[in-house]
Every structure is written in C-alpha cells, then in structure tokens.
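Engineer: just need the structure, nothing else, for what follows:
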Amino acid sequence: MNPSEQPQRLGIIGGSGLQALRGLGDVEHLQIHTPFAEAPVPVTVGRLDGAPIAFVQRHGVGHRIPPASINVRANIAALKRVGCTQLISMSAVGSLAEDVAPGTFVLIDQYIDRTIQRDKTYFGDGLVGHVPFGEPTCARMREALAAAADQAGLDCRRTGTYVVMEGPQFSTRAESMLYRQWGGTVIGMTGMPEAKLAREAELCYAMVAMATDYDCWFDGMEAVTADMVSERMTHMRDGATALLRAIAAAFARQGDEACPCGCHRALDTAIMTAPEHRDPAMLARLEYVVPRIRGI
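Structural biologist: Model (predicted):
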C-alpha cells in the first residue's frame, strides 16, 4: 500500500471514551504492517460527511494499552500509509485552569513534555534529524477546528498548553500546583510523542483536549478517578462527534491545497547526516513514513 495511491484522508486518533467514530460510512477495517511493530495497526477507513477518514484507537479495542506502551510510531506511520495528510487527536484531560471547566474543549497550541519512557523519533543512529517544533500544532487546522466548534455550538478554548505526564498514576497535588505555575492549561498522558512524530512524518497535526475534571489542585472538588473520566467522556461524546463531523465536511471542501504552515515540508531543513553517511536500514524505515526522504 503506497500513500501516493491512496485518497487524501483526514486521520482521527481516538482516546479515552472515543472507541469508535460514529456516523462513519463505507467502513473498511484494515491491518497495516509497519517497520515499527511486529503486530499490524488496526485502522478503520470510511467516509464521514463526504470526507475520506482513517481512524485509530490509541488504547486499542477495549482500552487495553496504557499511555506509555502505545506504539505511537507505528500508529502515525500506519495513518500516513493509508493516505492521511492531516491528523486530529482527541484526548481526555484534566484542567489546570479555573476558567477551563469540565466539559470544555481546548485546541492545544503548546506542550510541556514530561514523559521519559517513550520512543519519540523516527531518526536515530545513522540518520540524524531535528525538525522545527516551536509551533507544535498546525495553525490552519486549529483555525478550522475553532470554526467547526462554533458551528457545533461547543464551549471551546482556542489555545492552551498541554502538560504531558508519564502516568499511569494521576498527579500529586504538589505536581498539579507546580504545572499551574508553569502555565499549563490541561494535563494528560497521551499528547506526546504524537505531536513530535506527526511533525517528523510531515503531517498537519492538531489536538483537541477534552477537560473531564480539575485534576487534583482545586480545593473542594472530588478527586479524579478513572470512573469519573469515563463517565464525563460519555457526556462529551456527542459534542466530540459533532465537532469531528463539522471538521470532516470542511476537510472535504478544502481539497489538496498545501499547508501554509509548511507541515508537509518539515524535513526540508531537518537532516544533519550527509547523504553518503546515511544508514541504509534507517533510511528505508523513514522512507516508509516519508517516501520523498531520499531526495532531501
């Protein structure tokens, strides 16, 4: 399966509470083999309001994969392989800001990455690359999502900083207070390395964070639990579906215009290793994700 032979798709990554994509038609379930995992990645493709869609559940069927064990490299590679040019990631989070009440949608524009156990790059020994990451999400996609949120009548904040913790435990109160002092808007466990790997894969990427609780910093609020997150995501699911349907329709109208942010050319200035010194095996693995790599 070659990406150039696929229709341009909008990729959607579902998290806690978003096990499937409601309203998807012409559904086909694929098993995509990548160089980054022994097992294939289950990808559901179909059409949503006229747009070709590819959907991956990051935690697997039945929520069996914990955050630090998600094979993000394989997931992103599989979505790119089936023709995705833009990715929307949906993530349940805790709020670190009093004005971001549970039930609020937040379009993330910055991250603070506190994770330590995860594979965060397609590069390595024999092929060194450093992508620009000052603006980690795609501004064009955030603008489109903001318009879609307005259309869906959602309480949506246009910007926010996502603190990505390792987990799987929730925060201590001291950590939660510290992250508020750092300027964090929300906290969760899955925002990284998705954004970093999407940039290396030359994909437009946006994250929609869905606040289910106030973490543990807010005095007088009940402590966050897994049951609470699941229950509140159930209430937010209709809004998430409405948002995705609105953005899918916008994607269908957009056509194949190039990203003005340059996401699709992120590797143009990234590779440090001279062509004659590039490891062939590493080059072949990256070529699976970015077929144009040998010409850079």
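Engineer: buried ones in the least confident helix or strand in the chain by mean pLDDT?
Structural biologist: The weakest-scoring helix or strand in the chain, judged by mean pLDDT, DSSP states H and E, is helix 226-254 (a mean of 83). Within helix 226-254, the residues scored as buried using 16 or more other Cβ atoms under 10 Å are 229, 232-233, 236-237, 239-252. C-beta here means a position set from N, CA and C on the backbone, and glycine is covered the same way.
Engineer: any idea which element the residue most central in space within the chain lies in?
Structural biologist: Nearest residue to the geometric centre of the chain (Cα atoms, centre = their mean): Ser89, 3.4 Å. Element membership of Ser89, judged by DSSP states H and E, is strand 84-95.
Engineer: bridging residues for the closest residue to Asn75 other than its chain neighbours?
Structural biologist: Closest residue to Asn75 apart from its sequence neighbours, by Cβ to Cβ, 6 or more residues apart in numbering: Val56 at 5.2 Å. Judged by DSSP bridges, the bridge partners of Val56 are Ile13.
Engineer: shouldn't Val56 be in contact with Ala77?
Structural biologist: No: if you go by Cβ atoms under 8 Å, Val56 and Ala77 don't touch, sitting 10.9 Å apart.
Engineer: need the residues touching each of the two.
Structural biologist: Val41 (Cβ atoms under 8 Å, 6 or more residues apart in numbering).
Engineer: can you give the contact residues for the host helix or strand of Leu197?
Structural biologist: Element membership for Leu197, per DSSP H and E: helix 194-200. With Cβ under 8 Å, 6+ apart as the test, helix 194-200 has contacts from 13, 72-73, 76, 87, 89, 111, 113, 120-123, 129, 131-133, 136-137, 204-205, 207, 263, 266-267, 270, 289-290.
Engineer: right, and the helix or strand after it?
Structural biologist: Following helix 194-200 toward the C-terminus (DSSP H and E): strand 204-213.
Engineer: quick one: that following strand to chain centroid distance?
Structural biologist: Here the centre of strand 204-213 is set off from its chain's centre by 8 Å, with Cα atoms, centre = their mean, to the nearest Å.
Engineer: output it as PDB, restricted to C-alpha atoms.
Structural biologist: Presented in PDB, the C-alpha positions along strand 204-213 are these (Å, rounded to 0.1, in the frame of the first residue of the first chain):
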ATOM      1  CA  CYS A 204      -0.500  18.500   9.800                       C
ATOM      2  CA  TYR A 205      -1.500  17.800  13.400                       C
ATOM      3  CA  ALA A 206      -4.000  19.200  15.800                       C
ATOM      4  CA  MET A 207      -5.100  18.100  19.300                       C
ATOM      5  CA  VAL A 208      -8.500  18.600  20.800                       C
ATOM      6  CA  ALA A 209      -8.200  18.200  24.600                       C
ATOM      7  CA  MET A 210     -11.500  17.500  26.400                       C
ATOM      8  CA  ALA A 211     -11.500  18.500  30.000                       C
ATOM      9  CA  THR A 212     -13.200  16.000  32.200                       C
ATOM     10  CA  ASP A 213     -12.100  17.200  35.700                       C
END
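Engineer: and that strand, average pLDDT?
Structural biologist: Taken as a whole, strand 204-213 has a mean pLDDT of 95.
Engineer: and it, what other elements does it pack with?
Structural biologist: Here strand 204-213 touches strand 84-95, strand 105-107, helix 139-152, strand 186-188, helix 194-200, helix 226-254, going by 3 or more Cβ pairs under 8 Å, 6 or more residues apart in numbering; DSSP states H and E.
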